[in-house]
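Asker: Just to be clear, the model below is a prediction. Sequence and coordinates:
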Amino acid sequence: MLHTLQKSILLLFLTVVICCGIYPLALWTVGQILFPFQANGSMVFDPNGRPIGSLLIAQPFTKDDYFQPRPSAASYDASASSSSALAASNYALRNRVANSLGSIVKYRNGAKAGQLVAPDMESWFQHDQFEGSPHIVAQWATLHNSLAQAWVNADPSHGAYVDSWTKTHPSQVSQFIKDNPGTPNPKAADLAIVFFQNFSKELPGQFPSRVTHVATYGKTETTIEPVNTGSDIQSIFFDMWRQEHPAVELEDVPADMVTTSGSGLDPHITLQNALYQLDRVSTKWARNLKRNPKDVKNEIEQILNGKASAPFGGLAGEKVVNVLDVNLVLRKQYGSPQS
Amino acid sequence: MTSNGVLQIILFLIAVLAFVKPLGWYMARVYEGKSCGLDWIIKPFEHFTYRICGINPEKEMDWKCYLSAMLFFNLLGLLAVYTIQRFQAYFPLNPQAFLAVAPDLAFNTAASFASNTSWQAYGGETTLSYFSQMTAITVQCFLSSATGMSLLIAFIRGLARHETNDLGNFWVDTVRGTLYILLPLSLIIAIILSSQGVIQNFKPYQQVNLLQIIHYQQPITDLPGKLITDTLGNTRMGIKTLTTQVIPMGPVASQIAIKQLGSDGGGFFNANSAHPFENPTPVSNFIEMLALLLIPTAFCYTFGVMINDKRQGWAILIAMFLLLIPMVYVAVISEQHGNPALTQMGVDQAPKQNVFPGGNMEGKETRFGIVNSTLWTVLTTATSNGSVNSMLDSYTPLGGFVPLWLMHLGEVVFGGVGSGLYGMLMLVIIAVFVTGLMVGRMPIYLGKKIETYEMKMASFAVLLMPLAVLACTAIASVTHAGTDSVTNPGAHGFTQILYAFTSMVNNNGSAFAGLNANTPFYNILGGVAMLLGRYWIAIPVLAISGSLVRKRIIPSNSGTLPTHTPLFIIFLGGITIVLGALTFFPALALGPIVEHLIVSK
């Protein structure tokens, strides 16, 4: 027995030396000599030699001047890769996709072909009629209790907004307590549905959303206020708008544009996704540079087609565009975007 | 399925088959102790190891001796992994200054890597230091794989030898398996991966300046952390700016090569092979998928060489492929079809040649698209590897059903390195016995009589897995400790639990990763399940081997049932499906099947 123990310990120790010492060090040497760029993370540098990213790790881009990567379940935090882990059957996935669709969907044909649907959606929202009855926000909260509650919990400022509403509406709160004897001390999330139903009646065609002000002492600050346009309305009410306008033909949005990747750090988008973003990007650069939009669009389209690639002529993997790479080319060609 | 996708799958399968014969031959030479071409460089290391450890390479062991050496060595490995994690704060190579891993998590990880499971309840880049990754994780990747290979070789010797007690020497088999097979193959694969962009360095995490500065809003708090509100009760929000990103670094390539080869699957990063630093290009993906199948498929040929009847090895390999290919088809079709809930809203999931892979892209990387993500998933669960390049939790219900079902077959379609083939040989013994009963012939496999003792032991090995999986799933489904970890509603939540225990008992290690598995309940029950799944099967396997090796070989005659014919191959496939499918059908009906009906309604 003691003999076996001795052999085990020595063999384990030797394996550590060989498999954790010699093997990775040999590999490290080979890597640093033959493939120093790859072995050190495919990093790219600015002219001053400071690292500005890895070609293999997605960075967040939100400006219209840039191509944007896929949404990330890891918030593009490269030190904590993760996926959404939402099941295909989970309503939360459907809702998240609907939210991201709202601000990007375009008309496919007709007079407005290629234009964003968002402005029409906003005026539909301001009109405040859904399936023949008034008050879209109230109907939304009634149909999707969990979404209304999720809105309250999504951000501390949302909860605070509902709390301040309860102070000015004691009768609604006491009515809620009477209807729900199980919740004698309702929290903000419990009151979410009542809150939205009341909000919708008092402020038809509006929704509480963030508004940024420049405060007196020069700092920018954000408060929650009722608004009738903006990204919240486009994203939250897209699904309802679509239900009421099933016949309107929209351009299909490429799947990778609204789904999160496995790592949350997918550095690529499909060529179709890039082409979908092409209009937005080229229009913005044309305006920045005061040039003909058509020319800029053609130039950028060429860049995309040149950069889109898959190994062995497509016999392995899929044809993709590296977002950081393309954006660096745009910067090189057109300069830094105006802020 | 696109034509390009079909072509990619066929090319891959051809590449796999091309390696079966040369690698199988090479491994047979290694385990038979014959010269194999690499002796001039490795032999000195091998003899040095024997001398240092006091191993007498000439000494043969009987099955009990072989078993106790194996168990002892594995137990020591388990203790080492546990200890290193608990004390990682005091060891070098810890640039991120990670603290000790919690005891329940450390136990789970130790059980997981000793048993070749690599279930990861932790996120690699946020939990383990480079020292722990290398000395605990990478070492076990080598040793647990080598252990599985040794067990298989001992079992094959039980069939090949006769009228003796000797099954070989555990130490010699493990040392030769590591030095001659795992290490050279890892080195070659790691170098190719490195060229593609898998990192290999010892730098601390790198901070980079983002190209675009990102502004986001966040509530302002005062010093005690209370929200500041204005007179109307509005929370005051401030604008924060994000200017940098932290890029993780580390010795990744060396671990990825062995985790793919050794049916281990434990990645360096949380996202495993979906992470661009573990699997940066379609080429690296191809190599990593090839590495998944190399050893398990080649072992079929090694088996044929060692028992001196190559047809037997090919027959088993064909049976495995016949079980695999329909599963690839079902999974790819289902994923390519996409998620109906998203199609309704106008999300384009239809593939277009050369522009767009289409399909259900939630949890998948664009560079792999549908075909290479799904093919990987089928292969990683057909073998007991368990590494992932896309997130199974977000698969369509049928796409998620396939990996689950492949594991329910008992990890015998290729299976783990070594463990897959010995699991399949258990089923072969059962198939021989059952056909023997059906046609009224003496059940004989490769000239060895299959008797009560062998059947009892084979039943032990085959029945433990379903029992453990279903019992653990049942416990988790009715306790708060189990259900609190579930993150998706409805049938899918149940599938998350079923998948977790199926994966752990079968030593696979893949997961429906939404399940919050890092809780004392899952860590401890799961750790025990992994150890049971590995050793409770290894023990009867060696016992059968010890019994078979004593028997004399009966020359085959017209009354012997041939075990290399198409008839037997189909019968073997049937036995595998019946044992797997029937045992788990009720559980599957509650999980993926009902979810499929809901989603596609």
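Answerer: Noted; the coordinates are in hand.
Asker: ok, residue 254 - contacts?
Answerer: No chain was given, so I picked chain A. A:270, A:272-273, A:276, B:347-348, B:356 (C-beta atoms under 8 Å, 6 or more residues apart in numbering or on different chains). Using the backbone N, CA and C atoms, a C-beta is placed for each residue, glycine as well.
Asker: wait, chain B
Answerer: A:23-24, A:27-28, B:134, B:138, B:186, B:190, B:200.
Asker: picking up where we left off before, any chance of the contacts of A:Pro254 in JSON lines, plus pLDDT, distance to B:Thr452 and secondary structure?
Answerer: JSON lines is the format used below for those (pLDDT from 0 to 100; distance: C-beta to C-beta, whole Å; DSSP: H, G, I helix; E, B strand; the rest coil):
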{"residue": "A:Thr270", "pLDDT": "93", "distance to B:Thr452": "60", "secondary structure": "strand"}
{"residue": "A:Gln272", "pLDDT": "92", "distance to B:Thr452": "63", "secondary structure": "helix"}
{"residue": "A:Asn273", "pLDDT": "93", "distance to B:Thr452": "63", "secondary structure": "helix"}
{"residue": "A:Tyr276", "pLDDT": "92", "distance to B:Thr452": "67", "secondary structure": "helix"}
{"residue": "B:Val347", "pLDDT": "89", "distance to B:Thr452": "59", "secondary structure": "strand"}
{"residue": "B:Asp348", "pLDDT": "88", "distance to B:Thr452": "61", "secondary structure": "strand"}
{"residue": "B:Phe356", "pLDDT": "82", "distance to B:Thr452": "60", "secondary structure": "strand"}
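Asker: quick one: which of the contacts of B:Ser254 is nearest to B:Gly386?
Answerer: B:Thr138 (16.2 Å; C-beta to C-beta).
Asker: did I read that right, the closest one in a strand?
Answerer: No. Read with DSSP: H, G, I helix; E, B strand; the rest coil, B:Thr138 is helix and lies in no strand.
Asker: who are the neighbours in contact with it?
Answerer: A:19-20, A:24, B:254-255, B:258.
Asker: closest to B:Val332 among the contacts of A:Pro254?
Answerer: Of these, the one sitting nearest to B:Val332 (C-beta to C-beta) turns out to be B:Phe356, at 16.1 Å.
Asker: number of nearby residues for the closest one?
Answerer: By other C-beta atoms under 10 Å in any protein chain shown, the residues close to B:Phe356 number 24.
Asker: before we move on, what about A:Asp120?
Answerer: 15.
Asker: Please spell out which residues along whatever helix or strand it lives in are buried.
Answerer: Assigned by DSSP states H and E, A:Asp120 falls within helix A:118-127. Neighbour-count burial for helix A:118-127 flags A:118, A:121-122, A:124-125 (criterion: 16 or more other C-beta atoms under 10 Å in any protein chain shown).
Asker: what pLDDT does A:Thr220 get?
Answerer: Note for A:Thr220: predicted pLDDT of 68.
Asker: Averaging pLDDT per element, find the lowest-scoring helix or strand in chain A.
Answerer: Lowest on mean pLDDT, DSSP states H and E among the helices and strands of chain A sits helix A:311-314, with a mean of 75.
Asker: Following the chain onward from that helix, which element is next?
Answerer: Assigned by DSSP H and E, the successor of helix A:311-314 is strand A:320-322.
Asker: Outside of that following strand itself, which residues are in contact with it?
Answerer: Counting by C-beta under 8 Å, 6+ apart, A:55, A:67, A:267-271, A:273-274, A:304, A:307-310, B:366-367 sit against strand A:320-322.
Asker: Among the residues you listed, the buried ones, what's the ChimeraX command?
Answerer: Selection of buried members from those for ChimeraX, criterion 16+ other C-beta under 10 Å:
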select /A:55,67,267,268,269,270,271,273,274,304,307,308,310 /B:366,367
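Asker: ok, of the contacts of strand A:320-322, which one's closest to B:Met457?
Answerer: Closest to B:Met457, out of all of the contacts of strand A:320-322 and judged by C-beta to C-beta, is B:Arg367, at 46.4 Å.
Asker: which SS state does that closest one fall under?
Answerer: Once three-state DSSP is applied, B:Arg367 turns out coil.
Asker: Now do the contacts for it.
Answerer: Taking C-beta under 8 Å, 6+ apart as the test, what B:Arg367 contacts is A:266, A:268, A:317-318, A:320, B:280-282, B:285.
Asker: let's go with 10 Å and repeat that
Answerer: By C-beta atoms under 10 Å, 6 or more residues apart in numbering or on different chains, the contact list for B:Arg367 reads A:56, A:261, A:266-268, A:270, A:310-311, A:316-320, A:322, B:276, B:279-285, B:357, B:373, B:389.
Asker: Now the residue in the stretch 1-150 of chain A that chain B sits nearest to: phi and psi?
Answerer: Of all residues in the stretch 1-150 of chain A, A:Ala85 sits closest to chain B, at 3.1 Å by C-beta to the nearest C-beta. Phi and psi for A:Ala85, reported as degrees, to the nearest 10, are phi 60, psi 30.
Asker: What is the burial count for it?
Answerer: 25.
Asker: how about the nearest residue to it, chain neighbours excluded?
Answerer: B:Gly514 (3.1 Å; C-beta to C-beta, 6 or more residues apart in numbering or on different chains).
Asker: Can you check the pLDDT for residue 144?
Answerer: Went with chain A since none was named. 87.
Asker: Let me rephrase: I mean chain B.
Answerer: For B:Ser144, the model assigns a pLDDT of 94.
Asker: sorry, back to before: just checking: which of the buried residues of helix A:118-127 also lie near chain B?
Answerer: Among those, no residue sits close to chain B (C-beta under 10 Å from any C-beta of the partner chain).
Asker: Excluding covalently adjacent residues, which one is nearest to A:Glu249?
Answerer: That would be A:Arg108: by C-beta to C-beta, 6+ apart, it lies 4.3 Å from A:Glu249.
Asker: got a list of what that neighbour touches?
Answerer: Contacts of A:Arg108 (C-beta under 10 Å, 6+ apart): A:114, A:248-252, B:346.
Asker: Next: B:Phe155.
Answerer: B:63, B:167, B:303, B:418, B:421-422, B:425-426, B:538, B:541-542, B:544-546, B:548-549.
Asker: let's go with 7 Å and repeat that
Answerer: With contacts taken as C-beta atoms under 7 Å, 6 or more residues apart in numbering or on different chains, B:Phe155 has the following neighbours: B:422, B:425, B:541, B:545.
Asker: cool, and B:Gln260?
Answerer: B:288, B:291-292, B:385, B:387.
Asker: now do A:Leu10
Answerer: A:Leu10 touches B:52-53, counting by C-beta under 7 Å, 6+ apart.
Asker: Show the pLDDT at it.
Answerer: For A:Leu10, the predicted pLDDT is 92.
Asker: Need the phi and psi values for it.
Answerer: The phi/psi pair for A:Leu10 (degrees, to the nearest 10) is phi -70, psi -40.
Asker: give me the low-pLDDT residue ranges for the stretch 51-200 of chain A?
Answerer: Nowhere does the stretch 51-200 of chain A drop to pLDDT under 70.
Asker: quick one: strands adjacent to the following helix or strand past the helix holding A:Asp120?
Answerer: Downstream of helix A:118-127, the next assigned helix or strand under DSSP H and E is strand A:129-130. Here strand A:129-130 has these sheet partners by DSSP bridges: strand A:133-134 (antiparallel).
Asker: contacts for the partner strand?
Answerer: Contacts for strand A:133-134 (C-beta under 7 Å, 6+ apart): A:128, A:204.
Asker: Past it, which element shows up next along the chain?
Answerer: helix A:136-143.
Asker: Please export the C-alpha coordinates of that following helix as CSV.
Answerer: C-alpha atoms of helix A:136-143 as CSV (Å, rounded to 0.1, in the frame of the first residue of the first chain):
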residue,chain,number,x,y,z
ILE,A,136,-51.8,51.5,-25.0
VAL,A,137,-49.6,51.7,-21.9
ALA,A,138,-52.5,50.5,-19.7
GLN,A,139,-53.2,47.6,-22.1
TRP,A,140,-49.5,46.7,-22.2
ALA,A,141,-49.2,46.5,-18.4
THR,A,142,-52.4,44.5,-18.2
LEU,A,143,-51.3,42.0,-20.9
